[in-house]
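Q: Mind folding the following:
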Amino acid sequence: MLDEKWISVVVNEEGNSEKVSLKDVFENAHNYVDLAGDTETQDFAVLRVLLAVVQTVFSRLDAEGNPYDFIELDERYKPINEMDLEDEELDEYKESLMQTWLDIWKQGKYPSVIGDYLEKWRDRFYLFDDKFPFFQVTKDDFITNKVKKGKPTTIYGKNFNRLITESENKKALFSPKNEQKNNKDVLNEDQIVRWLICFQSYTGTGDKSAFDIGKYKFSIGWLYDIGGVYLKGKNLFETLMLNTIVFSDDNSGISFTQKPCWEASSGELVRSLLRGHQPDNLAELYTAWSRAIYINPHMDVGNRFICEIVKLPEINHQDQFLEPMTLWKYNKLGENKGKFTPKKHQASSALWRSFGLLTDYHNKKNKDQSHNPEIMDWLAFLKENDFIENRNIKVCAVSMEYDNNAASRVPVDEIIDKLLIDDYVLTDLQENGWVLIINDEVDKTKYVVEQIYYRFVNDIKEIRNIQSSDFIEKKKSELYFKIDQPFKDWISSISMSDSKDKKIIEWRKILKSITVDQAKHDLESANSRDYIGIETKGGIKNIATAYNSFIQRLNKEIGEV
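A: I've put the predicted structure just below:
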């Protein structure tokens, strides 16, 4: 994997792509635009593996390849002992980490020490290997740890490949591969690596085999349960650097010793997880396994792909603030009451509608029930200390949607969204700053849809005697869809020098125009019954009176803009 080409990258602004090796991707990250894998969710999983390399190397070595003080490394650049630093030493270490980040950022490309580190661990980056297969276990691990009933679950290529996700019992419609000669099950080496990383992150519950250690809660894949959020720069190097968090101000339970999965044997990893170990560092979290996966190292790649899998315990979801790349929700009910858990993205809800969860906005309003993503705090830290110049930042959202069957949780779609926004605007947290203003406009926009337009379509529902609530939800979704892109465009158009009052008026004019147009469309499609209306306590209610009331409420909320 260090030399073979398996990572797909965009190589120019025209969108052309090619496959490169793991060493290539770091040597030339500044020349690549982005990752270009099979799906966005796959790219997110691969991105985190690349970040695990970066987090590991530069937690031990500076930009010149020299070890930090207080760290004693072995011949493979691995700390000999767990780092246990006093407060003064910890402060010095943090300063060194930050200086390394800044030195690399200024260079605009990665130093050769990453390649040196990868060479030290070359034996751990083989897809097919009897001793240390990448992201997999050996056959002996199933025997040593005792699989229940002695039989792992068999998975074929068409289930491993998340573009298909077809079981033996139910065919996938509109598959990108056909049935001829088991074509759906055939994967080449580079596909196997990418889907292996993705499968460990987005797994599901359809398999049955577990280890014989008593009852434990099975993982469905850590990324499957989070609403992924990350930052994107102008090239792959910037994307990796912007998402490389060298330290957190909240150090509770977090280790500075990075432990990516390849630095331990598969047997050590499985035993540790079965004993209840939880990740305590980013490299370990970014390379977390959901399954013990065995691929026969002597398999014929040209034939049907087959692997065997056994369930591993899940990562604790409650207050798991080690994870920097997710939105969080505070639970007021259920088994997670009083705790934060990752908040998955919803297909029906654009990222801008969760803008408050991305920033410090809700923290200022309700500290005890708010926690914004660490990645956004990291961006604010970089801006406050002038480590990065003014630029447009893409805030990217990625999530996998699954079916409603808890027994399988089969992937059915991926949810992706992006916000392009000036980094000054995104980190302007002062009173009456851009963050608060944008959040106020988000709240106002949602109020217009959820309250003002809702009352109009609810009146129509009442006039037509429609019993189902689907009518209202459909109409609201139509309006949100029409608002979505204009609101993104408005946010991306905001610059540091803009007048806040003028930009607020600009958006409210757009919002009012879109909302009125939607209501006019409803009015124009009315039938005679809608105009005859119904008799209520307040008199006759028909679509014309409902529309007039809607306009009055809208003018009162937005004003005569």
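Q: excluding its backbone neighbours, what's nearest Asn145?
A: The shortest distance from Asn145 to any non-neighbouring residue, by Cβ to Cβ, 6 or more residues apart in numbering, is to Phe211 (5.2 Å). (Glycine included, C-beta is placed from N, CA and C.)
Q: quick one, phi/psi of the one you found?
A: Backbone torsions of Phe211, given as degrees, to the nearest 10, read phi -80, psi 150.
Q: just checking, Trp121 touches Glu263?
A: Yes: taking Cβ atoms under 8 Å as the definition, Trp121 is a contact partner of Glu263 at 7.0 Å.
Q: Can you pull the residues that touch both of those two?
A: Counting by Cβ atoms under 8 Å, 6 or more residues apart in numbering, Trp121 and Glu263 have no contacts in common.
Q: Could I get the full set of helices for the stretch 51-200 of the chain?
A: 87-107, 113-120, 139-144, 157-160, 189-201 (DSSP state H, counting those that start in this stretch).
Q: returning to that earlier point: in the sheet, who's paired with the residue nearest to Asn145?
A: Beta bridges link Phe211 to Val147, judged by DSSP bridges.
Q: Lys217 versus that one, what's the distance?
A: Separation of Phe211 from Lys217 (Cβ to Cβ, to the nearest Å): 13 Å.
Q: if we can go back for a sec, in CSV: the helices of the stretch 51-200 of the chain, plus mean neighbour count.
A: Listed next are these as CSV, based on neighbours: other Cβ atoms under 10 Å:
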stretch, mean neighbour count
helix 87-107, 15
helix 113-120, 18
helix 139-144, 15
helix 157-160, 24
helix 189-201, 22
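Q: quick one, phi psi at Ser528?
A: Per degrees, to the nearest 10, the backbone of Ser528 is at phi -60, psi -40.
Q: Helices along the stretch 451-561 of the chain, start to end?
A: Using DSSP H, counting those that start in this stretch, helices in the stretch 451-561 of the chain cover 454-464, 470-493, 500-524, 528-532, 543-558.
Q: Dump the shortest one to PDB, restricted to CA.
A: Output in PDB follows, covering the C-alpha atoms of helix 528-532 (Å, rounded to 0.1, in the frame of the first residue of the first chain):
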ATOM      1  CA  SER A 528     -63.600  26.100  -6.600                       C
ATOM      2  CA  ARG A 529     -64.000  24.300  -3.300                       C
ATOM      3  CA  ASP A 530     -60.900  26.200  -1.900                       C
ATOM      4  CA  TYR A 531     -62.600  29.500  -2.800                       C
ATOM      5  CA  ILE A 532     -66.000  28.400  -1.400                       C
END
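Q: residues of that helix that come out buried?
A: Asp530 (16 or more other Cβ atoms under 10 Å).
Q: For Leu196, give me its contacts.
A: Counting by Cβ under 8 Å, 6+ apart, Leu196 makes contact with 127, 134-136, 160, 293, 295.
Q: can you list the weak-confidence ranges in this protein?
A: Applying pLDDT under 70 to the chain flags the ranges 166-182, 249-253, 360-367.
Q: Which segments of it make up each domain?
A: 7-426, 434-558 (automatic domain parsing).
Q: re the thing from before, could you list which residues are in contact with the residue nearest to Asn145?
A: Counting by Cβ under 8 Å, 6+ apart, the residues that Phe211 touches are 145-148, 270, 274, 292, 310-312.
Q: ok, which pair from the contacts of Leu196 is furthest apart?
A: Phe134 and Phe160 (15.0 Å; Cβ to Cβ).
Q: Deepest in the core, which of the helices of the stretch 451-561 of the chain is it.
A: Stretch with highest mean neighbour count among the helices of the stretch 451-561 of the chain: helix 454-464 (a mean of 18; mean count of other Cβ atoms under 10 Å).
Q: For it, which helices and strands make contact with it?
A: Here helix 454-464 touches helix 470-493, helix 500-524, helix 528-532, strand 539-541, helix 543-558, going by 3 or more Cβ pairs under 8 Å, 6 or more residues apart in numbering; DSSP states H and E.
Q: Glu40: which of the contacts of Leu196 is nearest?
A: Phe160 (18.0 Å).
Q: list the contacts for that closest one?
A: When contacts are counted by Cβ under 8 Å, 6+ apart, Phe160 touches 187, 192, 195-196, 199, 305, 307.
Q: and if you look at Arg391?
A: Contact analysis of Arg391 by Cβ under 8 Å, 6+ apart lists 233-234, 422-423.
Q: likewise Ser477?
A: By Cβ under 8 Å, 6+ apart, the contact list for Ser477 reads Ser348.
Q: distance of it from Tyr453?
A: In this view, Ser477 and Tyr453 are 11 Å apart by Cβ to Cβ.
Q: Repeat that for Ile226.
A: Remark: distance between Ile226 and Tyr453 (Cβ to Cβ) = 31 Å.
Q: Ok, Trp262 next?
A: 53 Å.
Q: again with Asp403
A: Per Cβ to Cβ, Asp403 is found 31 Å from Tyr453.
Q: Those two: which is more packed in?
A: It is Tyr453, of Asp403 and Tyr453, that has more neighbours when counted by other Cβ atoms under 10 Å, with 25 against 14.
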